[in-house]
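Engineer: Using only what follows, build the 3D model:
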Amino acid sequence: MISLILHFFSSNVAGADQSVTYMNANYSGTAYLNSSTDLQVDITPLANNSDTWRYLNFAWVQTNQRISTAAQVGVDVYSSGTQHNFVLSFNGAVDEQVLTGVGNSVSCDKRNPYQVDGKTYFQAVCWTPYALAPGHTFRLRVYNNSALGPTWYKASFDDLTSKTHLEIGSIDIGERNYASPLQFVQYGMGGLDTNPDCSKVGINDTIVSNIKSSSNLLSNLTSQSIGSCLNAIIVPNSYSLGGYVFKFGGTNPGARNLESTASLNSSASPKRIPRSISAVPRPTEISPGLIQNRYSSYFEDSVKTFDEVPASSSTVINLPEYKSTDGSLPAFSNNWTGYFIPDSTGTWTFRMTADDAAYLYIGNNAVLEYARNIRNATIDLGSTHPALSKTATVALVKDKIYPFRIMYGNWIDVSVFKVEFLPPGFSTFESDFTSLLWHSTPGSCSNWGMDYVFVGDLGFEKAQIRTGSSLPDCTKNYASTTNSTTTTNTVKKTVVNKPSFSLINVVGNKLNIDVNLGSAGSSRPDTVYLVAPKLGVLNGDKLLGKVSGSKASWSIDFDKLLSGTSIPLKVVGVKNGVESEPLEQEFNAPAAVNNLLANKLAPATPKNIKTRIIGNSAIVTAEATVKSGALATKAFIFGPSIGLSKAKAISGDIVGSKVLLEVPLKSSMAGKKLPVTIYLSNDVGDSQPVQTVITVPSAPTIPNGAIKIPTDTKAPKTIFCMKGSQTRTFAASKCPPGWKNA
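Structural biologist: Numbers count the residues shown, from 1 in each chain. Now for the predicted structure:
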C-alpha cells in the first residue's frame, strides 16, 4: 500500500530573528557504521547567536522503506545561543538505555512511536548538556556499544581544547543492513526556517575540519543545499584546521573571517587536527597513505629481504599498532614506503616502540642510504630485543615533501610496534597520521611507494638509474648525485592498456561485468581487478577478474536491495606490478519495480482516508492499491477550502510507499472544517477522486497572525523530516522548506 501524507505550513511566522536558514553538505566517499567501524566529525563553532544546531546526518541503505533509517549526532543550540546539548538521535529504534557511570548526566526520550508488521519503533533521542565555547574544537563520534550487542550504539563528545570527555546513549536500532555502506553522510546546520527576515538571522559560523568513517576520510564536498536566506554559504577554510566553514547570517558572510582570529585549540595540551586531503598542496601523481608490504619471514637486519616479492601489498592511511596483549605471532616483516608532508614548520619529534628490529628514515637517508648502511636511520631499534622505545627530532618545513621509510620485523613470540609523533607547539604524542603520509603508484622507476625520479626532482639523492641491473625499464638517467632540482629528461614508464567495459547487466541474482583488455602485446595487462564498495568489494580486498584472451569477466551476487541505485565500479589492469589508468563508471542498477511501471490502466481510487493535525501541519493518509499495470506515480490534493482548483492542485513525489505534499495553512483556517479532494495518477490517467475533511482545531494566535507553536525549553526540540529518499531530524518544531514530516 502507498501512504499519502500531506503537510501544511504557515505563510507567516513570527520571531524571524530566531529563525535560521538551513544548510546541508553531502560528502563523497564510502562510509560504514557497524560493530567494527565508527563515524566521526570535528567541528569548531565560531559564533552562537541564533537558535540552530550542528549535526552529522547519516542513514543506512534501507531494508524496509516503511522503517526509516536516518540518524544524527550533533550540538543543539537554542534560546539564542544560551543553552546547549550534545544529542544522539536514531529513528526506527527498538530500545534504549540511559548510559550510566560516564561522569556526565544523560537523558533519553522515546518519541513518535509507530508500528510496522506488529513491531513498535520510535525515535530515540539522548542528550547531555554542555556549554559550547566558540573557538574550541569538538569531536563527535558514533560507535557500537559492544557491551550491549552489535545493534546498540552510543556517542562520545570530546572538547579537544579543554580535554573534556562526555558520553551519551545507548540506543538499540534493531534491523539494519550493516554490511552495506551508508546511504549518505551529510554535515548540516539547521533550524526553523519558514519565512525568516534574512537581515535578522544571527551569525552562526562553524568550521567542519574532519568527517571520517573509521580511517576513511570523507574530504570531498560533492553537493550542498541552502535555505531561503541567500547569504548562507559554505566556503573552504584556508586556515590551520582546513575543511569548510559554514557561514550563516549577517549582511555579507563571505567577507567574515572569524576563523582567522579564533583562538583555536589554545589549551596547554592541544591536539593536532588533521588537514583535509584537498587542503594539502602536492602533485597529482601522489596519493594518501603509505605502501605497506608484508613478508612471511623475519628480515634479520638485512634489506635484501625487501627485494623479494611480498606476501601482500596494500595502502595504509595510518601505521598499524601491534600490542603484546595480542598474543604470540609467527615471524614476519613489514616495509612501509612513501612520503611525509608536514602541516607546520619547526621541530618534529618521532617516537618508535618495537619488539623486534625496527628502523625509521625520513629525508635523504630514506632514498638509498638505508640500503648502504641500515644503521644510518633516523631511529635505530635494530636487532632482536624486548619492547624498546626511542625518539628523534627532525627540523621540517611545512608542505615540503620528504621521503619516508619504515622497516619492522618480529622474529619470535609477541609482536610490539607503534610510531608516534609530536608536532611543533604540541606537548602530547599522537599516532593519527591522516593527511601526513603519501605515496607514489608503484612502477618501473620506483621502490614501491617512493618514485626515484620524483625524489630526485625534489632535491634528494638521485638513483643511478640503468647502472648495472638497477631499474632497467626506467629510461630517465641521473648521472649526477647532486641535489639539483632541474632536468630536461623525461620519464618513460611501462604503459599498461586501460581496460574498457563491454558488458554490464543483471541476470537473475548475478551482476555480470566484462571488460576488453586490448590486443596481445607488451601493453596488455596480465591481471585485472575490480573495486566496487557497494557490492562489498573494497580497495583492500580487490576482486580479480577471470582473464581469457583479451577479455576479463566477473559474475557477482547482486543484492536486490541495490535495485534502482547507482553503483560505482573501478577496474584496473596490472602488468609486472604496474597498474593501468583506472576505468571508472557508475552502473545504474535497474529498479525491481520496473515491471510495475508499464502501466496499462489508471490507478485505483485511494481508500482508508485518515486525517490528523500535528502543529500547524495537516496530515492526510490514504492507501493506494499496488497493482501491476496500474501503479500510481503521483498524488494530488485540491479544494476551494484551501484556495486551490484542480488545475492548480499540489503534486507530491512518491518516495517508496509515501507521498508528501505541502499546502499553506492560514490562521483563518483555525477552528474550521476544510473539504479537500485527493486523487492518484499515472501516465495512463487519473483515479476516481475521493473527498475527505480536514478538521483544524482552534488555536491561540500571535500578533502577526500565525498559529502559535509551543516551544520546548527543557529538551532539544526535534522533528523527523523527509526529502526525497533521505530522512533526518531537525532541531525545530516543523520541517524547513523542501522537507516534509516523515
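Engineer: So which residues of this structure form helices?
Structural biologist: For the chain, the helices defined by DSSP state H occupy 258-261, 369-372, 452-458.
Engineer: which of the residues in the first one are buried?
Structural biologist: Neighbour-count burial for helix 258-261 flags Leu258, Glu259 (criterion: 16 or more other CB atoms under 10 Å). In short, each C-beta sits where N, CA and C put it, glycine included.
Engineer: per-residue confidence at the residue lying closest to Thr349 once chain neighbours are set aside?
Structural biologist: Excluding the flanking residues, the one nearest Thr349 by CB to CB, 6 or more residues apart in numbering is Leu422, at 4.0 Å. Listed pLDDT for Leu422 reads 91.
Engineer: To what extent is Leu422 buried, counted in neighbours?
Structural biologist: 18 (other CB atoms under 10 Å).
Engineer: check contacts around it.
Structural biologist: Contact analysis of Leu422 by CB atoms under 8 Å, 6 or more residues apart in numbering lists Trp348, Thr349, Phe350, Arg351, Thr428, Phe429, Glu430.
Engineer: any idea how far it lies from Phe501?
Structural biologist: 49 Å (CB to CB, to the nearest Å).
Engineer: Check His439 too.
Structural biologist: 28 Å.
Engineer: These two: who's more crowded?
Structural biologist: Comparing His439 with Phe501 by other CB under 10 Å, the one with more neighbours is His439, at 24 against 14.
Engineer: partner residues bridging the more buried one?
Structural biologist: Ser287 (DSSP bridges).
Engineer: just checking, it touches Ser446?
Structural biologist: No. The pair His439 / Ser446 is not scored as a contact, 9.3 Å apart, by CB atoms under 8 Å.
Engineer: thought Ile224 was touching Asn24?
Structural biologist: No, residue 224 isn't Ile; it's Gln. Yes. In terms of CB under 8 Å, Gln224 counts as a neighbour of Asn24; the distance is 6.3 Å.
Engineer: Neighbour count for these two, which is higher?
Structural biologist: More neighbours surround Asn24 than the other of Gln224 and Asn24, with 22 against 16 (other CB under 10 Å).
Engineer: wait, what's in contact with the closest residue to the more buried one other than its chain neighbours?
Structural biologist: Once flanking residues are discounted, Asn24 sits nearest to Gly188: 4.4 Å by CB to CB, 6+ apart. By CB under 8 Å, 6+ apart, the contact list for Gly188 reads Tyr22, Met23, Asn24, Ala25, Arg54, Tyr55, Asn57, Arg728.
Engineer: Identify those among these that sit within strands.
Structural biologist: With strands taken from DSSP state E, the overlap with the contacts of Gly188 comprises Met23, Asn24, Ala25, Arg54, Tyr55, Asn57, Arg728.
Engineer: which of these count as buried?
Structural biologist: Burial by neighbour count, judged by 16+ other CB under 10 Å, picks out Met23, Asn24, Ala25, Arg54, Tyr55, Asn57, Arg728 from the ones in strands among the contacts of Gly188.
Engineer: Correct me if wrong: the fourth one contacts Gly74.
Structural biologist: Read it as Arg54. Yes. If you go by CB under 8 Å, Arg54 and Gly74 touch, sitting 5.3 Å apart.
Engineer: measure Ala315 to Leu182 for me?
Structural biologist: Small correction: residue 315 is Thr, not Ala. Distance from Thr315 to Leu182, by CB to CB: 22 Å.
Engineer: can you check Thr305 too?
Structural biologist: For Thr305, the distance to Leu182 - CB to CB - is 41 Å.
Engineer: what's the answer for Tyr408, then?
Structural biologist: Taking CB to CB as the measure, Tyr408 falls 34 Å from Leu182.
Engineer: Look at these two and report which has more neighbours.
Structural biologist: Tyr408 (26 against 21).
Engineer: what about the nearest residue to that one once chain neighbours are set aside, how many neighbours?
Structural biologist: With CB to CB, 6+ apart as the criterion, Tyr408 has its nearest non-adjacent residue at 4.3 Å, and that residue is Ala358. Ala358 has 26 neighbours, counted by other CB under 10 Å.
Engineer: Hmm, Ala358 is touching Phe417, no?
Structural biologist: Yes. Look at Ala358 against Phe417 with CB under 8 Å: they come within range, at 6.5 Å.
Engineer: possible to save the buried ones among the ones in strands among the contacts of Gly188 as a markdown table with distance to Gly671 and pLDDT?
Structural biologist: Output for these, formatted as a markdown table (distance: CB to CB, whole Å; pLDDT from 0 to 100):
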| residue | distance to Gly671 | pLDDT |
| --- | --- | --- |
| Met23 | 37 | 81 |
| Asn24 | 37 | 84 |
| Ala25 | 42 | 88 |
| Arg54 | 39 | 85 |
| Tyr55 | 37 | 87 |
| Asn57 | 37 | 90 |
| Arg728 | 33 | 63 |
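Engineer: I'd like those residues as CSV, with distance to Pro403 appended.
Structural biologist: CSV is the format used below for those (distance: CB to CB, whole Å):
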residue, distance to Pro403
Met23, 42
Asn24, 41
Ala25, 36
Arg54, 40
Tyr55, 41
Asn57, 41
Arg728, 45
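Engineer: Closest one to Ile277 out of those, please.
Structural biologist: Ala25 (15.8 Å; CB to CB).
Engineer: Tell me if I'm right that that closest one and Ser219 touch.
Structural biologist: No. Applying CB under 8 Å, one finds Ala25 not in contact with Ser219, separated by 11.7 Å.
Engineer: Tell me who's in contact with Ser156.
Structural biologist: Arg139, Leu140, Arg141, Tyr143, His165, Leu166, Glu167, Ile168.
Engineer: Out of those residues, name the ones that lie in strands.
Structural biologist: Those of the contacts of Ser156 lying in strands (DSSP E): Arg139, Leu140, Arg141, Tyr143, His165, Leu166, Glu167, Ile168.
Engineer: Could you double-check that the last one sits in contact with Pro129?
Structural biologist: Which is Ile168. No. With contacts counted by CB under 8 Å, Ile168 stays clear of Pro129, the gap being 10.6 Å.
Engineer: Between those two, tell me which one has more neighbours.
Structural biologist: Between Ile168 and Pro129, Ile168 has the larger neighbour count (other CB under 10 Å), namely 26 against 14.
Engineer: how far away is that one from Arg282?
Structural biologist: 39 Å.
Engineer: so where's the stretch 501-650 of the chain uncertain?
Structural biologist: By pLDDT under 70, the low-scoring segments of the stretch 501-650 of the chain are 507-508, 539-541, 559-561, 576-577, 590-599, 613-617, 626-629.
Engineer: Which positions in stretch 570-587 come out as buried?
Structural biologist: Within stretch 570-587, the residues scored as buried using 16+ other CB under 10 Å are Lys570, Val571, Val572, Gly573, Val574, Lys575, Val578, Glu579, Ser580, Leu583, Phe587.
Engineer: and the fifth one, what are its bridge partners?
Structural biologist: Counting by DSSP bridges, Val574 forms beta bridges with Thr527, Glu579.
Engineer: my guess is it contacts Arg524, does it?
Structural biologist: No. Using CB under 8 Å, Val574 is not in contact with Arg524, being 11.0 Å away.
Engineer: mind listing what the residue nearest to Tyr408 touches?
Structural biologist: Counting by CB under 8 Å, 6+ apart, Ala358 has contacts Met352, Ile379, Leu381, Gly382, Ile406, Met407, Tyr408, Gly409, Phe417.
Engineer: Which residues does Arg111 form beta bridges with?
Structural biologist: What pairs with Arg111, by the bridge criterion (DSSP bridges), is Gln123.
Engineer: ok, it - how many residues close by?
Structural biologist: If we define neighbours as other CB under 10 Å, then Arg111 has 16 of them.
Engineer: Next, work out how far apart it and Glu579 are.
Structural biologist: For Arg111, the distance to Glu579 equals 51 Å [CB to CB].
Engineer: quick revisit: what is the nearest of the contacts of Leu422 to Thr120?
Structural biologist: Nearest to Thr120 among those: Glu430, at 44.8 Å, using CB to CB.
Engineer: Now list whatever residues contact both of Ile168 and Pro129.
Structural biologist: Phe86.
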